[in-house]
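Trainee: predicted model, plus sequence, below.
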Amino acid sequence: MPATQKSHKPATTYDVHPSLAMFQRTLESLKEKSGRSLEEWLKFVEKEGPSTEKERREWLKAKHGLGTNYAWWIAERSVGKGEDGNPETYLQQAEEHVEKMYSGAKENLRPIYEELLALGRSMGKDVKVCPCQTMVPFYRNHVFAQVKPTTRTRINLGLALKDTKTPKRLIDTGGLAKKDRITHRIEITSLKDIDAEVKKWLKTAYEMDK
């Protein structure tokens, strides 16, 4: 009789977003602060609350004294939207975000993205890659770079370089003045654009995020 083979779920390419730790802490403190857990609030809203998300949000704030963040979050979850705080859900969505970003007219950018992803990972074992809906940020302690398919033919590699002097190829995003993490970007339109200069500045951004 043949041995039963165990199925192994393939490891995900990505990492859990740092914001989920804060989300989990918020989830844990909800009952203490409001008297109900998330599940209890969802059942209560379904039974007693208004029908729309917007009305539920205002009702939770006005009638039950919940803060904006809690009210927004519960109202979203009550209509099947928003984050559920589950790392597995996030990782599944991360894969879906990337597939959607690099489909259709932008499918031809996928090899460039994969090369930048591998390059970002190579910066160090502490690099975390946490996709969002429109971009893929690289984290060390904070975001030090991000990959964004901006047009059908171009990916922008954003870098957190503060006030570092850079050559003209690195375009100032105005991020420093706006207090954004990403301060510069390099336009990548082909694999050959990922050259020694790109690797140098990505490494610089990584090393600055200590």
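Mentor: Received the coordinates, thanks.
Trainee: spit out the contact partners of A160.
Mentor: Contacts for A160 (Cβ atoms under 8 Å, 6 or more residues apart in numbering) come out as 142-145, 175, 181-183, 205, 208-209. For every residue, glycine as well, the C-beta is placed using N, CA and C.
Trainee: now swap in R185 and tell me
Mentor: The contact partners of R185, taken as Cβ under 8 Å, 6+ apart, are 156-159, 170-171, 173.
Trainee: burial of K47, as a residue count?
Mentor: K47: 7 surrounding residues under other Cβ atoms under 10 Å.
Trainee: then G35?
Mentor: 10.
Trainee: centroid residue for the chain?
Mentor: C132 (3.4 Å; Cα atoms, centre = their mean).
Trainee: one step back: specify which member of the contacts of A160 is nearest to E76.
Mentor: V143 (24.4 Å; Cβ to Cβ).
Trainee: hmm, I182 and that closest one touching each other?
Mentor: Yes. With contact defined as Cβ atoms under 8 Å, V143 reaches I182; the gap is 7.1 Å.
Trainee: out of the two, which sits in the busier spot?
Mentor: More crowded of V143 and I182, by other Cβ under 10 Å: I182, with 24 against 21.
Trainee: where does the protein dip in pLDDT?
Mentor: Within the chain, the ranges that satisfy pLDDT under 70 run 1-12, 82-85.
Trainee: nearest to S51 among the contacts of A160?
Mentor: Distances from S51 to the contacts of A160, taken as Cβ to Cβ, are shortest for V143 (38.6 Å).
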